[in-house]
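Q: I need the structure of the sequence given here:
(chains A and B)
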Amino acid sequence: MKQFSLLLGKELREQARSFKLFWVPLVFIFFGALEPLTYHFLPQILESVGNLPEGAEFMLPEMTGADVYASLTGQYQTIGLLVLVLAFMGSLSGERKSGTGTLLYVRPISYSTYYLSKWTAAVLLAFASLWLGYGMAATYIVQLYETVPGFTDVALFLLVMAAWLIFVVTLTLTASAALPTGGAAGAALGILFIGMMIDSLVGTYWTWSPWKLQGYGLMYLTGSPESGDLAGALGVTALITVLLILFGIRQARKNAAKAKV
Amino acid sequence: MSITEQLAEIPWGLIWPLIAIQLVLMTAALIDLNRKRSTNGPVILWVFIIIFINTIGPVLYFTVGRRHS
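A: Model (predicted):
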């Protein structure tokens, strides 16, 4: 336990010194603020930059708070995931390459503690970013939009999103344990985005997958999701996450020999 | 419409967080760049990317530009 808190402290210091602790949440907060503003001022924006022909008129649909949350989630699904994967792609492979790893591997540390300390630090940062981003969006949405979803619904939605982010972070760290940095980023992003494509093609029939989670979460804002499907998707995600963690620990131990001295 | 009127019409109360975040990211990236001076590619290129590309510039620097040595 002492070893774990020590390594966790090292990870948090590393996050602060590489500025990850600041820029990852800031990017999430930025998009959280930008999205509600863009939709609220869309008519004015179109008018000033649109280059529209004389007399052109648009019927813009009345956006509700839930619509803005949905479109912000769409942003986070691309830019947010990209940011998280890029931030954590080197957590294990970078240490092997730079030689920091050898300072650790010669000591009698357990590899599960080593992996889990990185995992905890990464998950904490991802949670903080997610919640700060949606918190920022919520402060704007409450001010600018008429109909807003209730607090408990948003909280439930964010918990489901948190499960999805745990999956994303675990996938990235395990890829980083198994592959060199570039390969890790490619593998993690590939699996995430190809999964989304498969989900949009055959998602109607395959209701229990991690890629379904954000859709189910969003349903809390407009109504409530099919509880059986949500529980199934959460269960499958938890199972895959645990398997990924175990695989990641094994790979971290195996690849320790590859560390550059 | 004069410039001052146009400026007064902008809802600054809503927009200032965006500007603040942009400035914080830019400053952090520039401080780090000045401290390390070792990047993938010429340093001056990164200075321009950080300053002139909104939001994405500093993020690009932190993810791709820093060389971990």
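Q: ok, now which ones touch the closest residue to chain B within chain A?
A: Per CB to the nearest CB, residue A:86 is where chain A lies closest to chain B, at 4.2 Å. Glycine gets a C-beta too; all of them are placed from N, C-alpha and C. Residues in contact with residue A:86 (CB atoms under 8 Å, 6 or more residues apart in numbering or on different chains) are A:185, B:63, B:64.
Q: where does residue B:69 land on pLDDT?
A: Looking at residue B:69, its pLDDT stands at 52.
Q: hmm, I was thinking of residue A:50
A: 66.
Q: Residue A:168: neighbour count?
A: Number of residues near residue A:168 (other CB atoms under 10 Å in any protein chain shown) recorded here: 23.
Q: cool, residue A:203 as well?
A: 15.
Q: pLDDT wise, what is it at?
A: We note a pLDDT of 78 for residue A:203 in this prediction.
Q: isn't it right next to residue A:213, touching?
A: No: using CB atoms under 8 Å, residue A:203 is not in contact with residue A:213, being 11.8 Å away.
Q: sorry, back to before: the residue of chain A closest to chain B in helix, strand or coil?
A: Using DSSP: H, G, I helix; E, B strand; the rest coil, the structure places residue A:86 in helix.
Q: swap in the one 10 residues further on?
A: State at residue A:96, reduced to three classes by three-state DSSP: helix.
Q: Am I right that it is in contact with residue A:258?
A: Yes: contact criterion CB under 8 Å: residue A:96 and residue A:258 qualify, at 5.8 Å.
Q: Between these two, tell me which one has more neighbours.
A: The neighbour comparison of residue A:96 against residue A:258 (other CB under 10 Å) goes to residue A:96, with 23 against 11.
Q: Phi and psi next, for the closest residue to that one other than its chain neighbours.
A: Nearest residue to residue A:96 in three dimensions, chain neighbours excluded: residue A:259, at 4.4 Å (CB to CB, 6 or more residues apart in numbering or on different chains). Torsion angles at residue A:259 (phi, psi; degrees, to the nearest 10) stand at phi -60, psi 140.
Q: Model confidence for residue A:259, exactly?
A: 81.
Q: Is it correct that it is in contact with residue A:103?
A: No: contact criterion CB under 8 Å: residue A:259 and residue A:103 do not qualify, at 9.5 Å.
Q: So these two - more neighbours on which side?
A: Here residue A:259 and residue A:103 are compared on neighbour count by other CB under 10 Å; more neighbours surround residue A:259, at 19 against 10.
Q: No further questions, thank you.
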